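> Next one to model:
(one chain, ligands or ions: 1)
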Amino acid sequence: MKIIITGATGFIGRYLVLFFSERKFPVVALSRNPQKAKNIFPPHVTCLPWKNMDAASWLDELDGPAAVINLIGENIAGALWTRSYKQKLRDSRLNSVETIVQAFQQAPGRDHILIQASAVGYYGNVHHKVDETSPAGSDFLARLVVEWENASKTLEAVGVRRVLARLGVVLGREGALRKMILPYKLFAGGPLGSGKQGFPWIHIADVARAMLLMIEHDELYGVFNFVAPQTVTQKEFSRALGKVLHRPAWLPAPAPLLKLLLGEMARSALLSGQFVEPKKLLAAGFRFQFPELKKALEDILK
Ligand SMILES: NC(=O)c1ccc[n+]([C@@H]2O[C@H](COP(=O)([O-])OP(=O)(O)OC[C@H]3O[C@@H](n4cnc5c(N)ncnc54)[C@H](OP(=O)(O)O)[C@@H]3O)[C@@H](O)[C@H]2O)c1
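Numbering: from 1, shown residues only. The predicted structure follows:
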């Protein structure tokens, strides 16, 4: 089975390219900057250009069993959520899905899988536990995720097995954690706002392992929450991070200040949260390598 990864030079993409190529899968890395990809990845990884709404450069790669892992999306915390940045968040996601849908439609009838990145932002700001059957929220992020997930629905009619990976905050050496640890190193770490909001998280190694499970098991499809089974609040996360870094975690970032500085992004992405259960991954027999937060942080920050 060939593994085709879009957004390949991003945080999760880099990890997955190496994970699958180390396991001897033929891997195709698609990037807007294929030269950068070539410089990062080992020579046996095929690096091809990605262009929104034009799959010509990689369409031939679908000529046989293939799993496309689509990770494309402008960074949610990449800039203030102005009207134009919100448009970028939406366009980058919907255009990439549309491009992949068109590619699959031109190469139907094979053993094809789409693993589409999604996010637990789907559930909005909720204080109770949620699983894959829970309803969507109504804020900007939740509405965006609903559109993002629905954009590939038509693939089911052409026989593509579709998995929607609703990711929690992915913990790894890069990504969000790297930004989060800076205040702790400066002895100024602490929870965001009240800290009572849920903080769904998953170690990046488990993201890769769960994707491998999806690829290897034909009977798995639909939505899967990609989160660790240990649900924690933002405050508990902050305490665990402080402990592992041997730094205090008592300085809260006040909610009014975050809202003033970051506007809607603070309200919708930092001060809100969810307590998300990986019900379907557990039912599928997935064994987390890092089910506990402290061990996950120790592994990453050792
Ligand atoms: N990391 C998390 O904690 C987390 C949590 C929930 C959901 N997710 C979702 O998972 C996906 C991957 O996350 P990540 O952390 O790896 O993100 P990332 O580091 O920002 O990487 C995303 C990649 O998408 C490509 N991309 C970005 N904007 C694009 C655009 N306008 N047009 C075409 N390609 C574009 C880029 O790849 P190239 O430059 O190589 O083309 C970029 O490196 C994202 O969709 C994200 O929303 C991530």
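> Going by C-alpha atoms from here, please, whenever you check contacts or count neighbours.
Will do.
> Low-confidence stretches in this protein?
Flagging of the chain using pLDDT under 70 yields the residue ranges 109.
> Which residue lies nearest the spatial centre of it?
Nearest to the geometric centre of the chain sits Leu167, at 4.5 Å (Cα atoms, centre = their mean).
> how close does it get to the ligand?
Leu167 is 4 Å from the ligand, where distance means Cα to the nearest ligand atom, to the nearest Å.
> which residues sit in contact with that residue?
Residues near Leu167 by Cα atoms under 8 Å, 6 or more residues apart in numbering: Ala117, Ser118, Ala119, Val120, Ile202, Asn225, Phe226, Val227.
> I'd like those laid out as JSON lines, including neighbour count.
Output for these, formatted as JSON lines (neighbours: other Cα atoms under 10 Å):
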{"residue": "Ala117", "neighbour count": "20"}
{"residue": "Ser118", "neighbour count": "26"}
{"residue": "Ala119", "neighbour count": "23"}
{"residue": "Val120", "neighbour count": "28"}
{"residue": "Ile202", "neighbour count": "24"}
{"residue": "Asn225", "neighbour count": "24"}
{"residue": "Phe226", "neighbour count": "32"}
{"residue": "Val227", "neighbour count": "30"}
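> among those, which are in reach of the ligand?
Restricting the contacts of Leu167 to those near the ligand by Cα under 6 Å from any ligand atom leaves Ala117, Ser118, Ala119.
> between those, which is nearest Ala208?
Of all these, Ala208 sits closest to Ala117, with 12.0 Å by Cα to Cα.
> That closest one: what secondary structure?
Here Ala117 is strand, with the state taken from DSSP: H, G, I helix; E, B strand; the rest coil.
> in the stretch 151-300 of the chain, which spans are strands?
All strands of the stretch 151-300 of the chain, identified by DSSP state E, counting those that start in this stretch, fall at 161-167, 169-171, 201-203, 222-226, 275-276.
> between those strands, which gets nearest to Lys129?
Proximity to Lys129 (Cα to Cα) singles out strand 275-276 among the strands of the stretch 151-300 of the chain, at 4.8 Å.
> Show me what that closest one is packed up against.
Strand 275-276 is packed against strand 129-130, with contacts defined by 3 or more Cα pairs under 8 Å, 6 or more residues apart in numbering; DSSP states H and E.
> TSV for the contacts of Leu167, including distance to Gly10?
Shown next, in TSV, are those (distance: Cα to Cα, whole Å):
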residue	distance to Gly10
Ala117	13
Ser118	15
Ala119	16
Val120	19
Ile202	17
Asn225	21
Phe226	18
Val227	20
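> Just give me the closest of those to Val101.
Looking across these and measuring by Cα to Cα, the closest to Val101 is Ala117, at 14.3 Å.
> ok, what's across the strand from the closest one?
For Ala117, the beta-bridge partners are Ala165 (DSSP bridges).
> Let me know whether it touches Leu164 as I believe.
Yes - assessed by Cα atoms under 8 Å, Ala117 is found in contact with Leu164 at 6.2 Å.
> Can you report how many residues neighbour the residue of the stretch 201-302 of the chain at minimum distance from the ligand?
Nearest residue of the stretch 201-302 of the chain to the ligand: Trp201, at 7.9 Å (Cα to the nearest ligand atom). Using other Cα atoms under 10 Å, Trp201 has 26 other residues around it.
> What distance do you get for it to Ile300?
13 Å (Cα to Cα, to the nearest Å).
> Residues that sit against both of those two, list them.
Shared contacts of Trp201 and Ile300 (Cα under 8 Å, 6+ apart): Leu171.
> Is it correct that His128 is in contact with Gln274?
Yes - if you go by Cα under 8 Å, His128 and Gln274 touch, sitting 7.4 Å apart.
> hang on, the earlier thing: okay, and the beta partners of the residue of the stretch 201-302 of the chain closest to the ligand?
Bridge pairing for Trp201 (DSSP bridges) gives the partners Val169.
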